[in-house]
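Student: predicted model follows, preceded by the sequence.
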Amino acid sequence: MSTQMAQLLPEVQSFLAESPLRSFIGGEWVAADETLATLDPATGQPVARFCVMSAAEVDRAVAAAAQAFGPGGWGRLPANERGALLHRLADTVERHLPALAQLEALDCGKLVPHATGDIQNFVATLRYFTDLAQQVPSRHVIPVAHHEAWSVRHPWGPCGFIFPWNFPFLLLGWGTAPALAAGNTVVVKPAEDTPLSSLYLGRLAQEAGIPDGVINVVAGPGETTGAALSRHPGLRRMSFTGSPEVGRQVAEAAGRNLTPVKLELGGKGAALVFDDVDVDDTTTRLAGAITFHSGQVCCDATRWIVHERIYDEFVAQVRAKMAAVRVGLTFDAESQMGPVVSEKQRQRVLGYLERGVAEGASLVLEGGACRVNGGEAGFYVKPALLAGGLDNVAAREEIFGPVAFLARFGSEEEGVALVNRTRYGLANSVWSADLARAQRVAESMVAGNSWVNAHNVFPLGVPYGGVNLSGMGGGVNSPETLYDYYRSQSVVRPL
Ligand code: NAD
C-alpha cells in the first residue's frame, strides 16, 4: 500500500477499502474475476485493484445507456428538468471535492492543489453546458416559399467516451458534460492507469439522483475494454482523447459502424518568443508550463523557438528556473513537480533524452531519473532542456514529460515556418510586446489554438481542439461542442 495513504480522508479510505473496485453499469456495481492494480506514481506502490470489464459487460453498459435514453427517458426529459439534475450532480461533486482531489492526486501523480483545480474545472464545465443547453431552441422555423418548414434538435442516444490518464476527471467533464446536457446517455472508459475518480463519479451520480444508466463507467485496458467500446454498434457518437496512434484505431472501429467520431489527440506545440519580451516573466511562465503536471499536458509548448538576439539570456534564465524546481511527493505541500504517471512513461521520457542526444541535440539541462525521499520507488524525472535542429526526434515527436527543445530564429517568417514544421496542430503561443505582430503570427500558426503572451489557456466558451495529427471533430468547451450532441431533423409541408 502507498505510504501516502495514511494522509487520506476517511471517505477516500472507505472507498479504496472496497478494492477490487467494481464498475458502474445501469446503476449497478459490477464485479469481475479479472482485476488490475492501480499504483500511486509518487511511491510506485499499489492503491487499489479494480475489476476489468469484458466485451459482454461493455455490451451491457451500452444496452443500459440505450434503455436510460428513451422512450420516456433522459433524452425526453425537458431541458430544465435535466438541468436541475445535472446542477445537483455539480453540487454533489463540489461537496466531495477534497475526496476527489485526493483520489486524483493519488491515482495519477498530480500535486494535490493541481488535482483540486481539475475537480473545480469539472464542476464549472458541467454548470456551463447545463446552463447553455437551457438556451438552445429545440425548434427552428425555416422561411422558404410555398412550404411550411422547420428543423428540430434531438439528442443522439448512447455516446461512448475513452479518456487518457493525464487529466482523468477534468477531461471526463470536458467530454461528457455537453453530451449529458443535450440529453444523451454516456458510457465512459477511463485509462487503466487512472480509473479511480471516474468510478467515484458513479457513486456521486447515484447520490445526486441521476437516473440509472445515464452515466456508465467501464474500467479495463484499452486493447480489450476500450476496443469493445469503440467498435460497439449501439453507440450513436464516439469520443476519444489520447494518442494519435490509438485515435486512428478507434476511428477505424467506429467508422465501420458509421458512428461519428471526435478525436482529441496529442501535440507538439511551440512557443515563438520575440526579442521584445520581458525575458524574466516569459521564462518563468514557460518553465511553469513545462513542469506543470510533469509536462504531461497535450497542448504544452515543447518547442521553444527563441529570437537569436535574446537566445543566450533566455536559455540562461530558463535553465536556472527549471533546475530549481523542487520535485517531490504529491501530498507534500513543498513539492513543485510530482512524478510522471508510470514507469513506462518514465522510460519513454528518458528514452527520448537519449535518442535526442544520439541524433545530435545538446543537453542544456541534463534531466534524467530523480530520487525522492519517501518515494524511492516512485516514477520521477527531473526537468530537462535540449537544443538543436528541429528535425531531431525529440523535437518532432510528443514526449509527454518535463522536457523542452530549444531552437533559435531570426526573421518573423522563419519563426512561423519553424513553428509550422510539424504534423501536429494542437496549440502554439506567440510572445511579443508588439500586439499587431502577435496577432499576425497567432493567425499564421497552423493549429486549433494560438495563445498570445500565455500558454495553456482554456476559458469556457472558446473552442479548444486540434487539427491534422492532433485531432478532428470540432474540439471541446464551446457552444459548437454542445451542438455536436444534437442531431438535426428537418420537417417540411408543401403549402
Ligand atoms: P493512449 O492513446 O495510449 O490511451 C488513451 C485511452 O485509450 C486509454 O483509456 C486507453 O486504455 C485507451 N486505448 C488504448 N488502446 C486502445 C484500443 N486499441 N482501443 C480503444 N481504446 C484504447 O493515450 P495516453 O497515453 O493515455 O494519453 C496520452 C495521450 O493523450 C497524449 O498523446 C496526449 O497528448 C493525449 N491527450 C490529448 C488531449 C487533447 O485534448 N487533445 C488531452 C489529454 C491527452
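Tutor: Yes, it's here.
Student: get me the contact residues on the protein for the ligand.
Tutor: Proximity of the chain to the ligand, by C-beta under 6 Å from any ligand atom, involves residues 162-167, 189, 191-192, 221-223, 226-227, 230, 241-243, 246, 249-250, 264-267, 298, 398, 400, 426, 466, 471. Where you see a C-beta, it was placed from the backbone N, CA and C, and this is true even at glycine.
Student: so Glu480 is in which element?
Tutor: Assigned by DSSP states H and E, Glu480 belongs to helix 479-484.
Student: how near is the residue of the stretch 151-300 of the chain found nearest the ligand to Ala191?
Tutor: Going by C-beta to the nearest ligand atom, the ligand is nearest to Gly222 of the stretch 151-300 of the chain, at 2.1 Å. The gap separating Gly222 from Ala191 is 8 Å, by C-beta to C-beta, to the nearest Å.
Student: give me the more crowded residue out of these two.
Tutor: Legend: neighbour count by other C-beta atoms under 10 Å for Gly222 and Ala191, higher for Ala191 (24 against 19).
Student: isn't the more buried one right next to Phe167, touching?
Tutor: No. Using C-beta atoms under 8 Å, Ala191 is not in contact with Phe167; the gap is 10.3 Å.
Student: for the nearest residue to Gly401 once chain neighbours are set aside, which residues are in contact?
Tutor: Nearest residue to Gly401, sequence neighbours excluded (C-beta to C-beta, 6 or more residues apart in numbering): Val349, at 3.3 Å. Counting by C-beta atoms under 8 Å, 6 or more residues apart in numbering, Val349 makes contact with Val340, Gly367, Val381, Ile399, Phe400, Gly401, Pro402, Val403.
Student: need the max-distance pair from those.
Tutor: Greatest spacing in the contacts of Val349, by C-beta to C-beta: Gly367 and Phe400 (13.8 Å).
Student: now Arg82, nearest residue through space, not along the chain?
Tutor: Gly183 (6.3 Å).
Student: give the contact list for that neighbour.
Tutor: By C-beta under 8 Å, 6+ apart, Gly183 lies in contact with Phe69, Trp74, Gly75, Arg76, Leu77, Ala79, Arg82, Ala133, His154, Pro155, Tyr485.
Student: just the pLDDT at it, thanks.
Tutor: pLDDT recorded at Gly183 is 98.
Student: give me the average confidence score over stretch 119-131.
Tutor: In this model, stretch 119-131 carries a mean pLDDT of 98.
Student: what's around the nearest residue to Gly213 once chain neighbours are set aside, how many residues?
Tutor: Distances taken as C-beta to C-beta, 6+ apart place Ala68 nearest to Gly213, at 3.0 Å, with adjacent residues excluded. Neighbour count for Ala68, taken as other C-beta under 10 Å: 22.
Student: for Ala68, what are phi and psi?
Tutor: Main-chain dihedrals, Ala68, degrees, to the nearest 10: phi -70, psi -20.
Student: which helices and strands sit right next to the lengthiest helix in the chain?
Tutor: Assignment by DSSP state H gives helix 112-135 as the longest helix of the chain. Packing partners of helix 112-135 (3 or more C-beta pairs under 8 Å, 6 or more residues apart in numbering; DSSP states H and E): helix 79-95, helix 97-108, helix 168-182, helix 479-484.
Student: out of these, which one sits most buried?
Tutor: Ranked by mean neighbour count, the helices and strands packed on helix 112-135 are led by helix 168-182 with a mean of 27 (mean count of other C-beta atoms under 10 Å).
Student: following it, which helix or strand comes up?
Tutor: Following helix 168-182 in sequence, per DSSP H and E, is strand 185-189.
Student: gap between that following strand and the chain center?
Tutor: Here the centre of strand 185-189 is set off from its chain's centre by 16 Å, with C-alpha atoms, centre = their mean, to the nearest Å.
Student: how about stretch 480-493?
Tutor: 26 Å.
Student: convert the C-alpha atoms of it to PDB, please.
Tutor: What follows is stretch 480-493, C-alpha atoms only, in PDB (Å, rounded to 0.1, in the frame of the first residue of the first chain):
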ATOM      1  CA  GLU A 480     -20.300  24.200 -31.000                       C
ATOM      2  CA  THR A 481     -19.400  21.200 -28.800                       C
ATOM      3  CA  LEU A 482     -22.900  21.200 -27.400                       C
ATOM      4  CA  TYR A 483     -24.500  21.400 -30.900                       C
ATOM      5  CA  ASP A 484     -22.400  18.300 -31.800                       C
ATOM      6  CA  TYR A 485     -24.500  16.400 -29.300                       C
ATOM      7  CA  TYR A 486     -27.800  17.100 -31.100                       C
ATOM      8  CA  ARG A 487     -28.900  15.500 -34.300                       C
ATOM      9  CA  SER A 488     -30.900  17.800 -36.600                       C
ATOM     10  CA  GLN A 489     -34.100  16.800 -38.300                       C
ATOM     11  CA  SER A 490     -35.900  18.800 -41.000                       C
ATOM     12  CA  VAL A 491     -39.700  18.700 -41.300                       C
ATOM     13  CA  VAL A 492     -41.400  20.200 -44.500                       C
ATOM     14  CA  ARG A 493     -45.000  20.500 -45.500                       C
END
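Student: give me the mean pLDDT for it.
Tutor: Stretch 480-493 comes out with an average pLDDT of 97.
Student: the chain should start at 525 in everything you say after this.
Tutor: With the count now opening at 525, the last piece we talked about shows up as stretch 1004-1017.
Student: and the contacts of it?
Tutor: Residues contacting stretch 1004-1017 (C-beta under 8 Å, 6+ apart): 653, 656-657, 660, 666, 668, 671-680, 683, 702-703, 705-708, 760-761, 786, 987, 997-999.
Student: swap in stretch 692-701?
Tutor: The contact list for stretch 692-701, computed with C-beta under 8 Å, 6+ apart, reads 610, 624, 628, 631-632, 642-643, 645-647, 649-650, 652-654, 683, 685, 687-688, 710, 712, 714-715, 718-722, 725, 739, 763, 765, 1000-1001.
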